[in-house]
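Asks: pasting a predicted model and its sequence here:
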Amino acid sequence: MNAGARRLRVVYGDITRLEVDAIVNAANSTLLGGGGVDGTIHRAAGPELLAECRTLGGCSPGQSKLTRGYRLPARWVIHTVGPVWRGGGEREDEVLASSYRTALALAADKRLATVAFPAISCGVYGFPIPRACRIAVREIEAFLASSPHPARVDLVAFDEAVRREYAALLPGSV
Ligand code: AR6
């Protein structure tokens, strides 16, 4: 296992409960909330989060923006917009990879130590889960290999399909 892989682990459950420096939100390009993990994060953070999001002017797919975490245990939320799966011919892989990279770059800029990611695009946006999980692990490991920040990244598995995939990709990290 390389140095990057040791800093990556898999955790289960609700990302809004984690005591990390930043949680990543699988948002849509309005950044004004929605269902899935986005809805849960907004409910847990409180209305101040939506008020800050309204000032951001949205976010393009593959890009990420930072807000405070308000009532969350996490101090920061990194909102990223993953791709909607349209069959794989519309640069979905690249856009998803970019979501992970841009979110990690914001965390590194802020010198954050711990960041937790949900499985971006693996719910409402319909990205095939094994393919998305491989991209997530590849991008995070590559980033960690080139940057001391963040010191640790948690991959959060909320559903069984994602849990199985991460367990297969990162045996021993669970
Ligand atoms: N903690 C961790 N992971 C979660 C949680 C949670 N509390 N809840 C769901 N997941 P999705 P997307 C997992 O649909 O596919 C929203 O409406 C879930 O099991 O939340 O990127 C946005 O506003 C799945 O594995 O995000 C956008 O419109 C993963 O999070 C759209 O959905 C992502 O599922 C984004 O779709």
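Replies: Looks like it came in fine.

Asks: does Gly35 really touch Arg43, like I thought?
Replies: No. With contact defined as CB atoms under 8 Å, Gly35 does not reach Arg43; the gap is 11.0 Å. Quick note: C-beta positions are derived from backbone N, CA and C, even for glycine.

Asks: tell me the contacts of the residue at minimal distance from the centre of the chain?
Replies: In the chain, the residue lying closest to the centroid (CA atoms, centre = their mean) is Phe117, at 3.2 Å. Phe117 is in contact with Val24, Tyr100, Ala103, Ala136, Ile140, Val153, Asp154, Leu155, Val156, counting by CB atoms under 8 Å, 6 or more residues apart in numbering.

Asks: could you report the pLDDT at the last one?
Replies: pLDDT recorded at Val156 is 98.

Asks: I'd guess it is in a helix, am I close?
Replies: No. Counting by DSSP: H, G, I helix; E, B strand; the rest coil, Val156 is not found in a helix; it is strand.

Asks: please begin residue numbering at 50 from this point
Replies: Got it, first residue is 50 now, which makes that one Val205.

Asks: that one is in contact with Val164, isn't it?
Replies: No. Val205 is not in contact with Val164 according to CB under 8 Å; the separation is 10.5 Å.

Asks: nothing else from me, thank you.
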